Structures are given as structure tokens and as C-alpha cells.
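Enquirer: Got a predicted structure plus its sequence, pasted below:
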Amino acid sequence: MASVTPSQTWGLGQGLPSDVHVELKNGWGPRSDGYRLNCVGYVSGRGRDYQMSILSRSFKGYSYGQTTVNRLSRIVFDALDQPLR
């Protein structure tokens, strides 16, 4: 998971700072009811160290699903910068 083809670095690695280490594996495929997009991996750097899986189904197609997974990844990364209460 540490060596991913550049065209497949969406998901956990998309939009994160370049000094953050990401290892990931993405999977996707068409279904009769839309697209299934999954992402699993490890993120470390900038005070964070976590594993995450995103399992999704997009009724609006691959691009919409990929954008959604990317945004979820960034929301979690940003949220983990806040102290736990």
C-alpha cells in the first residue's frame, strides 16, 4: 500500500499536505445501482496517526463517488487536528 500508481492516489491521500505519509488501497467498480468505491489505508504526520476505511456506493457515478470519498478523507484529517473533549 505504500507504493500506489499516481492516478490511483485519490481517497485517503487526496488533498492532504505533502509531508503527510499515506498508504492506501482503493477499489471501485460499476454496479446495477451505481458505482461502488472503497478506500482503506493508513495516514501519519502532522500529529496524526490513524487507519481508516471508507466503503461507499454512489448512485451518481464514479466521479461523484470519488469526490465524496476525497472530501470525507479531508474532513476526518481536519477533525483529528482538534483536541478530544
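Expert: Great, that's in hand. No experiment lies behind these values; they were computed from the predicted model shown.
Enquirer: Low-confidence ranges, this structure, go.
Expert: For the chain, the stretches with pLDDT under 70 are 1-2, 84-85.
Enquirer: Need the three-state assignment for residue 65.
Expert: Secondary structure state of residue 65, per DSSP: H, G, I helix; E, B strand; the rest coil, is helix.
Enquirer: Give me the neighbour count for it.
Expert: Counted with other Cβ atoms under 10 Å, the neighbours of residue 65 add up to 20. (Each C-beta comes from the backbone N, C-alpha and C, glycine too.)
Enquirer: Ok, residue 10 next?
Expert: Residue 10 has 19 neighbours, counted by other Cβ under 10 Å.
Enquirer: pretty sure it is touching residue 68, no?
Expert: No: counting by Cβ atoms under 8 Å, residue 68 is not a contact partner of residue 10; they are 10.7 Å apart.
Enquirer: So which residues of the protein form helices?
Expert: With helices called from DSSP state H, the chain shows them at 62-79.
Enquirer: residue ranges of the strands in it, please?
Expert: Taking DSSP state E as the test, the strands found in the chain are 21-31, 34-45, 48-58.
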